[in-house]
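>>> no sequence on hand, only this structure:
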């Protein structure tokens, strides 16, 4: 049967994915892979690509019986083609040391943070992963070549933070009856130290590469990763236009608060109003609950089962999460608990340091962050995706849908009356301005010759970022082409889809009906959701 053939190929793809990337299996809640790190040396990557191409060829040739199957097949083929192109042309395993060191730390961090799973099981897995770290990082040094300087600088920062993660594993996940465990921890620290030294030596050398992937590769990613018809030139123009448009909205809102002061200064003054360090976690918890109750009371979307815990970031994670971060439950895990980490100021931080960190948690900004990360944003979307019976919709998450949905929700909740003051509406618009600037910087860095310093200056000038925060932002943009634009572009695509859905359903249209209809597709690209709903242009 065609459906069985397609389902079998999906299973083959997932089996390949978990074997190549056991850390992804841990994140997805798939048992049996937690003790491994995988391999990304040249030979292992070639085997992976050969297997991917074989599965892709079979997917193209197989028959499917339904539109749902066809939509899922197209999404999975896009995922496969993107992965093949990325490893063959962008070569993160050869050009980006962050690919290696972040993989190690993520593999350990997940075992520490999934605390609902049996501790003894996680301890055995952590010990096994620790033993693999020396050979894994040795393979990294043998594989890396011609790395862009910005990637090496970022990797050096990440590697320096790895020792705290190993310390946490040794303190919290020591297995019983494993006399070699302390030595495994020591060997892992030594491997991290040697990798850090290798990166420092690399920075002192002359060999550097170009981080920009170029317009052809950028357009390839847009087409297959996001299923977008737009190309870099059109998105460049769109981003520039959106920045100007949103800047005008921000300035108008700021004038309604203080007509005599530039909007940048109004925002800076409002940032002085923030929770205390001790009250930070509780402040976010209240806003998450406020957003959840608002969504339910206004019948905006079906709220699935699954708890969202708001917690202080564990000490070992604070170097990796200096602000806040959301971690979803695994796609195939039985536990449905998501976690929102909030990093309060360190106990020994100076008063200026505490104030500088807390200014990024303005009282007027908490509500838009809460709905973006929680309800009806990422947490609700992930829970709904993971509840789908179709495996592709559990695991394929195009950022143009995932990040686009969360940004769309910021605006949609405002339309529904969630924001209670002009100050809250102002910060929602400032957040949209930041995402508009991301379109310009993403396209500019990779296809328009924009330099690292140019991009930093753009964020400082247009969004009023502190330079250190802008530099941290741009480092990610250099390494993750076509990701940062997905917030604003995804919002645009969803608003267009909503208009088409409203027109098709007429008087029967409801926001809940629209939202439930699109979320059953999980994180598939928006254009494929449009196709699946019979609204393709």
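Now that the structure is in, tell me what you want to look at. Predicted, not measured: the structure shown is a model, and the values here were computed from it.

>>> where does the prediction get shaky in this protein?
1-3, 206-208, 537 (pLDDT under 70).

>>> tell me how far the nearest residue to residue 266 once chain neighbours are set aside lies from residue 463.
Leaving aside its chain neighbours, residue 266 sits nearest to residue 254 (4.3 Å; criterion: C-beta to C-beta, 6 or more residues apart in numbering). C-betas here are computed from N, CA, C, even on glycine. According to C-beta to C-beta, to the nearest Å, residue 254 and residue 463 sit 14 Å apart.

>>> kindly report the same for residue 11.
In terms of C-beta to C-beta, residue 11 sits 45 Å off from residue 463.

>>> the more surrounded of the two?
More neighbours surround residue 463 than the other of residue 11 and residue 463, with 23 against 11 (other C-beta atoms under 10 Å).

>>> about what we covered before: hmm, the residue nearest to residue 266 is touching residue 267, no?
Yes - applying C-beta atoms under 8 Å, one finds residue 254 in contact with residue 267, separated by 7.2 Å.

>>> quick check: neighbours shared by the two?
Any residue near both residue 254 and residue 267 by C-beta atoms under 8 Å, 6 or more residues apart in numbering counts here, and that gives residue 426.

>>> what about the helices in the stretch 201-350 of the chain?
Assigned by DSSP state H, counting those that start in this stretch, the stretch 201-350 of the chain shows helices spanning 215-225, 232-257, 263-270, 280-297.

>>> chain center to the first one, what's the gap?
Just to be clear, that refers to helix 215-225. Centroid separation for helix 215-225 versus its chain: 19 Å, with C-alpha atoms, centre = their mean, to the nearest Å.

>>> do the same with the second one
When C-alpha coordinates are averaged (C-alpha atoms, centre = their mean), helix 232-257 and its chain have centres 24 Å apart.

>>> can you state the direction angle for that helix and helix 263-270?
Here the directions of helix 232-257 and helix 263-270 differ by 60 degrees (axes from the mean of the first three to the mean of the last three C-alpha atoms, to 10 degrees).

>>> quick one, helix 232-257 and helix 215-225 angle?
80 degrees.

>>> which stretches of this structure form strands?
308-312, 324-327, 338-342 (DSSP state E).

>>> including distance to residue 224 and mean neighbour count, could these go into CSV?
Converted to CSV, the strands of the chain look like this (distance: least, C-beta to C-beta, whole Å; neighbours: other C-beta atoms under 10 Å):
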stretch, distance to residue 224, mean neighbour count
strand 308-312, 32, 18
strand 324-327, 26, 18
strand 338-342, 29, 21
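
>>> so can I have JSON lines of those showing distance to residue 492?
Shown next, in JSON lines, are the strands of the chain (distance: least, C-beta to C-beta, whole Å):
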{"stretch": "strand 308-312", "distance to residue 492": "27"}
{"stretch": "strand 324-327", "distance to residue 492": "23"}
{"stretch": "strand 338-342", "distance to residue 492": "27"}
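
>>> for the ones you listed, which one sits closest to residue 90?
For residue 90, the closest of the strands of the chain is strand 324-327, at 25.0 Å, according to C-beta to C-beta.

>>> report the distance from the closest one to the chain centre.
9 Å.

>>> can you check stretch 5-23 too?
With C-alpha atoms, centre = their mean, you get 22 Å for stretch 5-23.

>>> same question, stretch 367-380
Worked out by C-alpha atoms, centre = their mean, stretch 367-380 lies 14 Å from the chain centre.

>>> can you count the residues close to residue 51?
Around residue 51 there are 16 residues (other C-beta under 10 Å).

>>> dump the residue contacts of it.
residue 16.

>>> check the gap between residue 244 and residue 450 for me.
Residue 244 is 18 Å from residue 450, by C-beta to C-beta.
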